[in-house]
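In: Build the 3D model from these lines:
(one chain, ligands or ions: 1)
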Amino acid sequence: MGLVVDFGNYILAAVVLAVLIRLVSGSRKPIKRNGERLKNPPNTLPLVGNGLKFLQSRWTLLGWFDQCQRQFGYETVALSVPTLPPGVLIHSPRNLEFVFKNEGLFTKGEFVKKRSWDLFGNGIINADGDLWKRQRKAGSVFLNTANLRVLTEVALPQYLAESVRDLQSSIGKGPVDLQHVFHEITTKLMAKMAYNMEMHADDDFSQSFDFASGATAERFQNPLWAITELFTGSKFRKSIAVVKDFGRRIVASAVHDRSRQKAGVESPGSPDDDDSKLDQISGTLIQSLLDAIGNEDTVADAALTYLSAGRDTTGQALTWTFYLLLQHPSAVSEIRREVQQLLAQQQPPQDDADPEHATPNPTLFTPLSVPYTMAVFHETLRLYPPIPFEIRQCQADTTLPDGTFLPRHAVLVWCLWAMHRSRLTWGADADAFRPERFLEKQQQHGGGEGDWGAGAKPRFVLGKSVSEFPVFYGGARACLGRKMAELIAAQVIPVMVWLFEFEPAFEGERVSKTSLTLPMEGGLPVRVRRRVGDVRSN
Ligand code: HEM
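Out: The predicted structure follows:
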């Protein structure tokens with residue numbers, strides 16, 4: 001809630017100013033569908049529209065969006081905030097599919113760019129046209145199959161093993177923040193592979209980025225942010241300075257690496273050993289960005305944007321996964337059963353090893369080999385989407401498939417948090433954690449046991465279109481890192497669940513703090529125990 005609460009002193013002034021602006025600017029034409037005015041969402045007020053609602057904490061706002069989808073189903077409703085262009089809130093997958101197919105018509109526009117400019121500048125999230133294309137191409141080079149193999153065979157096992165060692169040494173001591181553990185893994189991975197740098201989750205940069213992301217997200221909730229930041233923005237400005245400085249350091253380090261390579265300074269070691277394999281691909285992203293974009297400031301923006309896209313989303317998705325696993329012990333048992341079956345197939349038990357406690361080889365776990373784990377991960381992404389809202393702005397007059405006419409500059413919002421809870425799309429149990437919705441039975445001879453019954457092995461199936469389950473976005477700008485995120489989840493979840501028992505060291509519900517993504521406020525404090533007992537009985 002952070003700054004949103006601090007804004008309290010300014011709310012009254014903001015409302016008065018908003019009313020004045022509304023009076024001075026006169027009434028705008030309402031958005032219509034087939035000639036009829038759109039309905040207003042709950043709590044819409046005269047003059048200020050939904051402006052006050054948007055000043056509330058992000059968690060309250062997510063609940064309100066959910067209430068809207070419950071009340072209106074797939075119907076498009078009006079959103080109005082003084083001083084802003086007219087807006088709509090869409091719920092229907094058909095409308096969203098239209099948006100994904102018409103990328104040029106629905107861009108981030110001035111509305112988004114103005115607010116996220118300080119943090120992302122010309123980074124891929126803000127870029128359009130040729131600059132976007134070049135950054136996307138550089139990202140595709142970074143995320144190619146060979147690099148992803150080094151990710152799963154070398155880098156991730158190494159960083160995962162370091163975190164496992166840290167967790168083992170925390171046993172019997174105080175609580176550990178699992179959110180920090182997962183951010184440490186994704187931070188090290190992205191820093192090394194993308195930029196050939198060492199970074200950690202609690203670096204100054206990471207903390208400043210976290211703060212700046214929260215303050216940037218607040219700009220989307222507070223229509224008078226440009227004024228309120230004159231009074232409350234000093235920490236934000238300092239954070240941005242730290243972030244930008246770090247961006248310049250990433251570029252300087254890449255330029256240095258490049259000149260060393262030109263001078264023929266090779267890293268020692270055989271090209272086949274793990275460290276060399278990792279060194280060879282390290283920095284692929286930043287080097288491709290340098291090749292693709294001449295301007296070093298833009299390269300720095302691009303680098304910081306990729307870092308946020310890859311590191312925060314995946315670390316947070318893992319955190320919410322373990323939050324849900326803490327509440328669903330049967331899912332934990334099912335993951336362990338899946339691991340046990342794989343270990344039984346792949347590793348002949350060694351006499352001197354205790355198979356229940358040996359660290360399994362993480363490379364055994366791939367999205368294909370652990371369908372139940374993938375179902376848990378996607379069920380978490382459904383209930384806790386790392387990017388919970390999307391906003392686009394119309395670049396020309398257009399009509400949505402449901403007949404809603406949108407004038408140029410209209411703002412279009414969809415809330416993944418709410419759409420992922422729609423009973424129309426997901427059925428009556430849309431609110432429940434039920435990974436099985438992503439599994440289908442697959443007959444095979446001599447399959448495993450568990451809830452799937454003898455002879456049947458589950459297969460992970462998404463079963464929904466990207467516009468029904470837009471967690472990774474859709475169309476030409478769909479997430480580039482989906483595969484990377486799934487590969488990380490496929491290793492991290494089984495290894496952690498196999499080795500440890502986690503107990504909550506908190507009470508009540510965990511919520512998200514305001515951010516461009518979905519960080520857990522206060523982290524996920526847990527007590528860690530070494531796992532004991534026979535997996536078949538727990
Ligand atoms: C669970 C993890 C992830 C989720 C839920 C996720 C989700 C998304 C979403 C919703 C977008 C669209 C954002 C927007 O433009 O408003 C996006 C874009 C993007 N994601 Fe991911 N992402 C994840 C992991 C990753 C990873 C690991 C990377 C790797 C670097 C990555 C790279 C990108 C990039 C580069 C874009 C911009 C694509 C473009 O504009 O062309 N993401 N992601």
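
In: Excluding covalently adjacent residues, which one is nearest to N40?
Out: Nearest non-adjacent residue to N40, counting by CB to CB, 6 or more residues apart in numbering: A78, 5.5 Å away. From N, CA and C alone the C-beta is placed, and that goes for glycine too.

In: helix/strand/coil for the one you found?
Out: Applying DSSP: H, G, I helix; E, B strand; the rest coil to A78 yields a three-state assignment of strand.

In: got the contact list for the most centrally placed residue in the chain?
Out: Most central in the chain under CA atoms, centre = their mean is T313, positioned 2.7 Å from the mean C-alpha point. T313 makes contacts with 386-387, 481, 485, 517, as judged by CB atoms under 8 Å, 6 or more residues apart in numbering.

In: residues in contact with the residue of the stretch 251-400 of the chain found nearest the ligand?
Out: In the stretch 251-400 of the chain, the residue that lies nearest the ligand is G310 (3.0 Å; CB to the nearest ligand atom). Counting by CB under 8 Å, 6+ apart, G310 makes contact with 186, 190, 194, 481, 484-485.

In: 10 Å instead?
Out: Counting by CB atoms under 10 Å, 6 or more residues apart in numbering, G310 makes contact with 139, 142-143, 186-187, 189-190, 193-194, 285, 479-481, 484-485, 488.

In: what about the nearest residue to L79 once chain neighbours are set aside, distance to L62?
Out: Sequence neighbours aside, G87 is the residue nearest to L79 in space, at 3.8 Å (criterion: CB to CB, 6+ apart). Using CB to CB, to the nearest Å, G87 is found at 17 Å from L62.

In: For beta bridges, what are the partners of the residue nearest to N40?
Out: Beta-bridge pairing for A78 (DSSP bridges): V88.

In: Wait, a strand at L412?
Out: Yes. L412 forms part of a strand when assessed by three-state DSSP.

In: wait, doesn't it sit right on A78?
Out: No. The pair L412 / A78 is not scored as a contact, 11.7 Å apart, by CB atoms under 10 Å.

In: Tell me the confidence at the residue in the chain that the ligand sits nearest to?
Out: Using CB to the nearest ligand atom, G481 is the residue of the chain that sits closest to the ligand, at 1.9 Å. Predicted confidence (pLDDT) for G481: 95.

In: Distance of the closest residue to it other than its chain neighbours relative to I185?
Out: In space, and not counting its chain neighbours, G481 is closest to G310: 5.2 Å by CB to CB, 6+ apart. Distance of G310 to I185, given as CB to CB: 12 Å.

In: Kindly report the same for L105.
Out: For L105, the distance to I185 - CB to CB - is 39 Å.

In: The two - which one has more neighbours?
Out: Taking neighbours as other CB atoms under 10 Å, L105 and I185 compare with I185 leading, 23 against 18.

In: mind exporting stretch 54-62 as CSV, just the C-alpha atoms?
Out: Output in CSV follows, covering the C-alpha atoms of stretch 54-62 (Å, rounded to 0.1, in the frame of the first residue of the first chain):
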residue,chain,number,x,y,z
PHE,A,54,-8.1,4.0,-8.4
LEU,A,55,-6.5,5.8,-5.5
GLN,A,56,-7.1,2.8,-3.2
SER,A,57,-4.5,0.1,-2.6
ARG,A,58,-3.6,-2.2,-5.4
TRP,A,59,-5.1,-5.2,-3.5
THR,A,60,-8.4,-3.4,-3.0
LEU,A,61,-8.4,-2.5,-6.7
LEU,A,62,-7.8,-6.1,-7.8
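
In: chain center to it, what's the gap?
Out: Here the centre of mass of C-alpha atoms in stretch 54-62, compared against the chain's by CA atoms, centre = their mean, to the nearest Å, lies 18 Å away.

In: can you pull the buried residues of it?
Out: By neighbour count on 16 or more other CB atoms under 10 Å, the buried set for stretch 54-62 is 54-59, 61-62.

In: Next, give me the two most distant ones among those residues.
Out: The largest separation in the buried residues of stretch 54-62, counting by CB to CB, is between L55 and L62 at 14.4 Å.

In: Right, I'll call it a day here.
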